[in-house]
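[1] Generate a structure from the sequence data that follows.
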Amino acid sequence: MDLPGYGYAKISQKTREEWSKMIKYYLRNRKQLYIAFVLLDARHTIQKIDEEFVNWCGTEGIPIALVYTKTDKVKKEELDYNIGKIETKLSAFWEELPPRFFTSANTTAGKEELLSFVEKILNT
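    Predicted structure coming up:
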């Protein structure tokens, strides 16, 4: 499932909590779930809601991969800085970080690597 703008949606706190319960229920109980891809906007350092979600997945043993999106929208120095900040923050919680991919919808960067990863998972 894709939750575009989940962290930015202008919704009530009650609705946000209901969404959170639904998402967590789905991830905990979906027997066919091989992996969840967590999309992180590479133009920014990690948002609190994303950090909490990634760490929750780790606590629950839910397999995830980090997919950095919009990598074409920032200069390499800023990209490196943002990724460094994100991964430093996550490393405080994670012994080993989940697999990561750098993607761009505009340039299709990372597409082949991501598809190869999915194929590998489906073939195991």
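
[2] from what I can see T45 touches N82, true?
    Yes. Between T45 and N82 there is a contact under Cβ atoms under 8 Å: 5.3 Å. Placement of C-beta: from N, CA and C, glycine included.

[3] the more surrounded of the two?
    The residue with more neighbours, out of T45 and N82, is N82; 20 against 17, by other Cβ atoms under 10 Å.

[4] which SSE is that one in?
    Per DSSP states H and E, N82 falls inside helix 76-91.

[5] what's across from the residue nearest the centre of the chain in the sheet?
    What sits nearest the mean C-alpha location of the chain, by Cα atoms, centre = their mean, is V38, with 1.7 Å. Residues in a beta bridge with V38, per DSSP bridges, are L66.

[6] so where's this structure shaky on pLDDT?
    Where the chain drops to pLDDT under 70, the residues are 1-9.

[7] Apply 80 and report the result again.
    By pLDDT under 80, the low-scoring segments of the chain are 1-11, 13, 16.

[8] For the chain, which segments count as helices?
    13-29, 48-60, 76-91, 111-122 (DSSP state H).

[9] so which of those gets nearest P99?
    Closest approach to P99 among these is made by helix 111-122 (6.7 Å; Cβ to Cβ).

[10] list the contacts for K24?
    By Cβ atoms under 8 Å, 6 or more residues apart in numbering, the residues touching K24 are W56, E60.

[11] I35 versus that one, what's the distance?
    Using Cβ to Cβ, to the nearest Å, K24 is found at 16 Å from I35.

[12] Wait, P99 touches L114, no?
    No. P99 is not in contact with L114 according to Cβ under 8 Å; the separation is 9.8 Å.
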